[in-house]
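1. coords please:
(chains A, B and C)
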Amino acid sequence: MTTFLGIPRRSRPSGHGMGHNGLPDSPLRGHTSFPDAARSAVGNTQLRRNLGNATATIRAKRAAVVGELDDWEALRDAGSAVKQQVMARLPELLEQLEAQVTARGGVVHWAADADEANRIVAGLVENSLQPGDAREAVKVKSMATQEIGLNEYLEERGIEAFETDLAELIVQLGGDTPSHILVPAIHRNRSEIREIFLREMPDAPADLSDEPRRLAMAAREHLRRKFLSAKVAISGANFAIAETGTLAVVESEGNGRMCLTLPETLITVMGIEKLLPTFADLEVFLQLLPRSSTGERMNPYTSLWTGVTPGDGPQNFHLVLLDNGRTNALADEVGRAALHCIRCSACLNVCPVYERAGGHAYGSVYPGPIGAVLTPQLTGIDGHDDPNASLPYASSLCGACFDACPVKIDIPSLLVELRGRVVDADRDRTIPGGWDAAMRAASWVMSSGKRFTAAEKAMKAGRVLAGKKHKISSLPPPLSAWTTSRDLPEPPRQTFHQRWRAEHGSSDDAPAPGGEPR
Amino acid sequence: MRIALLATCLADAMFPDVAAATVTLLQRLGHQVVFPQAQTCCGQMHVNTGYFAEALPIVRHHVQTFEAAGVDAIVAPSGSCVGSVRHQHAMIARKGGDDGLAAAATDLSARTYELSELLVDVLGITDSAAQLGSYFPHRVTYHPTCHSLRMLRVGEKPLQLLSTVQGIDLVELPGADQCCGFGGTFALKNPDVSTAMLADKMAGIIASRAEVCSAGDSSCLMHIGGGLSRMRVGVRTVHLAEILAATKESAPAANPASTTATGNVGAAR
Amino acid sequence: MSRSRTAMLQRIREAIAGTPEPAPVPRDYRHTGDHPPGSPAVVELLVDRLVDYRADVRVLAPDELPAAVADALRPSGSVVLADDAPAELVDAASASTTQLIVDRRSAPLSAADLDHIDAVLTTAAVAIAVTGTIVLNAGPGQGRRAITLVPDRHLVVLRADQIVETVPEAIARLEESDTRPLTMISGPSATSDIELSRVEGVHGPRTLIVLIVR
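-> This is a model prediction of the structure:
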């Protein structure tokens, strides 16, 4: 670890230009640093209430179903170890997956980056459509296709991609961006969703109420004809079994089953890290994932398919294996650990920072604690002004994410490690930043007992600041960040060092107390 | 036992009563207390902000200072500083290419305890009133602090200690396991989110109708207390060590001005 | 395409070069449950879980099956069965007043056809009690995936001996499915996308009826 394994510095992708609504031009990088973006999010009272309610609900559900399993920790250990095996054996497992999928009538494509993946998918969609077919595809919720901005790419080529997951539909109709891995519309409450449906869904019933069941029914009606007539579907994958070539999609609504079953062509885009070595490994992950993500003992529907099944489901199957920064991440231990993520979003739901700031503040389709680790790993960091350089600091290191992670990713330690790299990447700056200077000075002071006690004496000045109120309520920047919302107590007359010295002189040992030592 | 006090830089400079109360408790139990006067800081702030190279000399100084003390155990009235000693010191030493220091840090960390760990696990306290003479006739709620809870896994130990204090009315804190938003330099780097977290923590404290909020970390208490003071909530913060060290004889007069008592080192004896 | 394949595999090999051999996978979790497959306790657990998902569940003696099927199909004008459905299912459905339609692999029904059929009646491969999950593996009586998806009412007939307690027990049984498509069903379709509260009934069948034959 003495060599610098720094976050790869790469230039920012050109992206596909600004989307409508002033949305970010990259799915993995916002315009503003996390603290700035969070400042406005924290001030949005509706968002705060929506997120607070939703995350409290899901936290309670998760805790209940996880508490039912007395072997939960053993499952986490197994899940973590399986993922380590996957990373260590990735080349052979990918080749095995490719061979199995191909043997069962599927076609495997390899995409080094977002552009290549988008090109491949667009070409496949074009080839699947006959003249006269509607230029459209139905989509199952997929983080990989969000990460590459596939919908926007297809739109530019005149192909409309219909998101069919309810939350994705809400986001798409609302001209919004996702704010959560699992529930992209978590920042919206029922009445906002009703408004979006009434405004953007031509076939929404005029008397639509904000009752969740009615809203779900409206989505069902809206999408049903699409499902029944779609020629092409695009999906992601939760797992891919190398041993058998089997792919798995875990979902709730049945939109996944619709997309995976009814169209003639299925295109699945999957990050290369999603592999599991054997079919039997599902016995671990099908327990870990549903309980961690939706807080259910099992999600309503899980579909598993292997290549093409004659007479059943899509007769053309394409699997696109996506790199897009993953091999960069894989090359160092932080990135490799982050690639264990199974996208359950438990870490988001338990994160106090996510709960207050919301997903948009992270500027990436991967928000929350794991996003703060994964996003800078995938994009690299382009200097200290890169908004993604602020992500490793978007955590109080409370550790709730580590406890909740079903594959035991030590997110707080990874964040600390990344902070070290952000600092180290800036060491060649000719003019050190304020933090650099302060930290160097503090290091000098704190590595000597004499210097430390001398510095403590200077703190007495704080007593003057405190004055008659015996507290400090206002300090200049950067300490004003503290005093805008909190007082500081008056520094004591004597530090503990001074008290000890007053009582015991230069001796480190207190006189033995009376009575028999125990 | 010969036990060294790791006062922590924050308690040393800002909350000396907390360090003094820790000394009082150990002496009351008949142990020999050592205060290595060369001690400074555990270096956690540097590590958690990403300044590993700057943390290295601090870690080295800490290890040298406490190794030289020749003690059976080291105690700190802070879950987070003990967490740093246990989970970060060896890592920082290894990163700095000093394997000898890493080994020494690991060795030292095995003898370093957070206060409730030492009292319950090592010194066998099961009844604070009977064994420590603890008396604190106030309505108290306890914030477990993240690093005690999740890094050290102290579990119910602090509550066990508090619940057996004579006269105490210990009440549950709603949302106890939620971070207060301090997070070291997080409070400065992300002040808006930190403040939002603090607001919710204060709401829980207010809902508990406690007059005192206690915890095992002066840092979190400084954060929570700073918010309570700013909002004139009328709840004060008192460290676990101070509650345990309080006796019928030393029962302090109400001290409304400060969020912590500001007596001198002898006051709690 | 092949250029990216070569490049990606090369980059992965470089990225993982020199990393230590990972530890073997500890598998200290529960593999079997407390109760044998098909035991009354396991059946009871499955019923409890399915009811929690708001499925309709009945436990029957074998001779009660025809009446139960007829009863469950009563609200439906039409029902589809796979062309390899066992005789007991075909007989039970025939005895009801509901129109019986067979999906023949040689001439499969279109999605639009299925959209006009009210219900589907199938068997299943295995069920997992602890999670309330029914697994279809395209075996006899289960049909193509589309027939259990488009009709709004899914009626599943399970034998008690198909019910295992734990997920690992089920996965072990399913390894024999080879590469046939699998569908795991845990209750009627549902969503938690609005304020993370679960609402039953979205795109998949909105009604799930499970008949367990002792």
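
2. report pLDDT for residue 203.
-> In the absence of a named chain, this looks at chain A. Listed pLDDT for residue A:203 reads 88.

3. wait, I meant chain C there
-> Residue C:203 carries a pLDDT score of 92 in this model.

4. what's the closest non-adjacent residue to it?
-> Nearest residue to residue C:203 in three dimensions, chain neighbours excluded: residue A:254, at 3.7 Å (Cβ to Cβ, 6 or more residues apart in numbering or on different chains). Bear in mind the C-beta positions are built from the backbone N, C-alpha and C, glycine included.

5. the one you found reaches residue A:302, doesn't it?
-> No. If you go by Cβ atoms under 8 Å, residue A:254 and residue A:302 don't touch, sitting 11.6 Å apart.

6. looking at those two, which is more packed in?
-> Just comparing residue A:254 and residue A:302: by other Cβ atoms under 10 Å in any protein chain shown the higher neighbour count belongs to residue A:254, 28 against 25.

7. what segments of chain C are strands?
-> C:56-60, C:78-82, C:99-103, C:119-122, C:126-128, C:133-136, C:153-159, C:163-164, C:182-185, C:190-191, C:199-200, C:207-213 (DSSP state E).

8. now render those as TSV, adding distance to chain B, mean pLDDT and mean neighbour count.
-> As requested, the strands of chain C are exported to TSV (distance: least, Cβ to the nearest Cβ, whole Å; pLDDT from 0 to 100; neighbours: other Cβ atoms under 10 Å in any protein chain shown):
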stretch	distance to chain B	mean pLDDT	mean neighbour count
strand C:56-60	37	97	17
strand C:78-82	51	97	22
strand C:99-103	53	96	17
strand C:119-122	45	97	27
strand C:126-128	32	98	28
strand C:133-136	31	98	26
strand C:153-159	41	97	23
strand C:163-164	35	98	26
strand C:182-185	33	98	26
strand C:190-191	28	91	28
strand C:199-200	27	86	20
strand C:207-213	37	97	22
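
9. how many neighbours does the nearest residue to residue A:363 once chain neighbours are set aside have?
-> Closest residue to residue A:363 apart from its sequence neighbours, by Cβ to Cβ, 6+ apart: residue A:30 at 2.0 Å. As a burial measure, residue A:30 scores 24 neighbours (other Cβ under 10 Å).

10. residue A:30 against residue A:364, yeah?
-> Yes. Contact criterion Cβ under 8 Å: residue A:30 and residue A:364 qualify, at 7.0 Å.

11. closest to residue A:317 out of the strands of chain C?
-> Residue A:317 lies closest, by Cβ to Cβ, to one member of the strands of chain C: strand C:182-185, at 15.4 Å.

12. for that closest one, which strands pair with it and how are they oriented?
-> Sheet pairing of strand C:182-185 (DSSP bridges) gives strand A:301-306 (antiparallel), strand C:133-136 (antiparallel).

13. CA atoms only: put the shortest one into CSV for me.
-> If I follow you right, that is strand C:133-136. Provided in CSV are the C-alpha atoms of strand C:133-136 (Å, rounded to 0.1, in the frame of the first residue of the first chain):
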residue,chain,number,x,y,z
THR,C,133,-42.6,-18.7,-2.4
ILE,C,134,-44.0,-20.9,-5.2
VAL,C,135,-41.6,-21.9,-8.0
LEU,C,136,-42.6,-22.8,-11.5
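
14. where does the prediction get shaky in chain B?
-> Flagging of chain B using pLDDT under 70 yields the residue ranges B:251-269.

15. mind giving me the domain split of it?
-> As recorded under automatic domain parsing, the domains making up chain B are B:2-117, B:126-245.

16. what of chain A?
-> If you go by automatic domain parsing, chain A breaks into A:69-324, A:456-506.

17. nearest to chain B: which residue in chain C?
-> Closest residue of chain C to chain B, Cβ to the nearest Cβ: residue C:20 (15.5 Å).

18. who's in contact with the residue positioned nearest the centre of chain B?
-> Centroid-nearest residue in chain B: residue B:78, 2.6 Å away (criterion: Cα atoms, centre = their mean). Residues in contact with residue B:78 (Cβ atoms under 8 Å, 6 or more residues apart in numbering or on different chains) are B:8, B:10, B:11, B:114, B:216, B:217, B:218, B:219.

19. burial count for the second one?
-> Applying the criterion other Cβ under 10 Å, we find 21 residues in the vicinity of residue B:10.

20. cool, the fifth one as well?
-> Using other Cβ under 10 Å, residue B:216 has 32 neighbouring residues.

21. what is the neighbour count of residue B:70?
-> As a burial measure, residue B:70 scores 10 neighbours (other Cβ under 10 Å).

22. OK, contacts around it?
-> Going by Cβ under 8 Å, 6+ apart, the list of residues near residue B:70 reads residue B:2.

23. how would you label it: helix, strand or coil?
-> Of the three states, residue B:70 takes coil according to DSSP: H, G, I helix; E, B strand; the rest coil.

24. understood, closing this out.
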